[in-house]
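> Compute the structure for the input listed below.
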Amino acid sequence: MRYIFNVNVKCSFSAFYDVRKPIYLVPDRKAAGAAHDVRRHLGWRGQVLMPDYPSGMSDINDMLKGGKGMVLHTFLKEAVLARTWL
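Numbers count the residues shown, from 1 in each chain. You can find the predicted model right below:
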């Protein structure tokens, strides 16, 4: 099982303390820095996945509500499969 989390500026490392599997962080457009901070604390478990958000969309919820769910699904699937060596 893999864990994928949406990261916003209020995200904290403590939410992932007990998880001992790869954790994929998908930040909002404005929260890339926060996601990288959390990733540094996670060590080998953390990986930041940054989608190329379409114009007018700033997070994965916008993509889902805007009809871009399959684009997001494909991005996440390819990004996670590329990391199968973890």
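> what element comes up after the helix-or-strand element of the chain with minimal mean pLDDT heading to the C-terminus?
Between all helices and strands in the chain, the lowest mean by mean pLDDT, DSSP states H and E belongs to strand 3-7, at a mean of 60. Sequence-wise, the next helix or strand downstream of strand 3-7 (DSSP states H and E) is strand 23-27.
> middle-most residue in this protein, spatially?
V26 (1.7 Å; Cα atoms, centre = their mean).
> thought that one was touching P51?
Yes: with contact defined as Cβ atoms under 8 Å, V26 counts as touching P51 (6.8 Å). C-beta here means a position set from N, CA and C on the backbone, and glycine is covered the same way.
> Overlap in contacts, the two.
Shared contacts of V26 and P51, defined by Cβ atoms under 8 Å, 6 or more residues apart in numbering, are found at I60.
> Buried residues, the longest helix seen in the chain. List them.
For the chain, the helix that runs over the most residues, judged by DSSP state H, is helix 69-81. Neighbour-count burial for helix 69-81 flags L72, F75, L76, A79, V80 (criterion: 16 or more other Cβ atoms under 10 Å).
> could you give the angle of that helix to strand 23-27?
Here helix 69-81 runs at an angle of 140 degrees relative to strand 23-27 (axes from the mean of the first three to the mean of the last three Cα atoms, to 10 degrees).
> which helices and strands sit right next to helix 69-81?
strand 23-27, helix 60-65 (3 or more Cβ pairs under 8 Å, 6 or more residues apart in numbering; DSSP states H and E).
> residues in contact with the longest one?
Residues outside helix 60-65 that contact it (Cβ under 8 Å, 6+ apart) are N6, V26, P51, Y53, P54, G56, M57, G69, V71, L72.
> one step back: restricting to C-alpha, output the longest helix of the chain in PDB.
Extracted C-alpha coordinates of helix 69-81, given in PDB (Å, rounded to 0.1, in the frame of the first residue of the first chain):
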ATOM      1  CA  GLY A  69      -9.600  13.700 -12.900                       C
ATOM      2  CA  MET A  70      -8.200  11.400 -15.500                       C
ATOM      3  CA  VAL A  71      -5.200  13.700 -16.100                       C
ATOM      4  CA  LEU A  72      -4.500  13.700 -12.400                       C
ATOM      5  CA  HIS A  73      -5.000   9.900 -12.200                       C
ATOM      6  CA  THR A  74      -2.500   9.300 -15.100                       C
ATOM      7  CA  PHE A  75       0.000  11.700 -13.500                       C
ATOM      8  CA  LEU A  76      -0.100  10.000 -10.100                       C
ATOM      9  CA  LYS A  77      -0.100   6.500 -11.600                       C
ATOM     10  CA  GLU A  78       3.000   7.200 -13.700                       C
ATOM     11  CA  ALA A  79       4.800   9.000 -11.000                       C
ATOM     12  CA  VAL A  80       4.200   6.300  -8.400                       C
ATOM     13  CA  LEU A  81       5.100   3.400 -10.800                       C
END
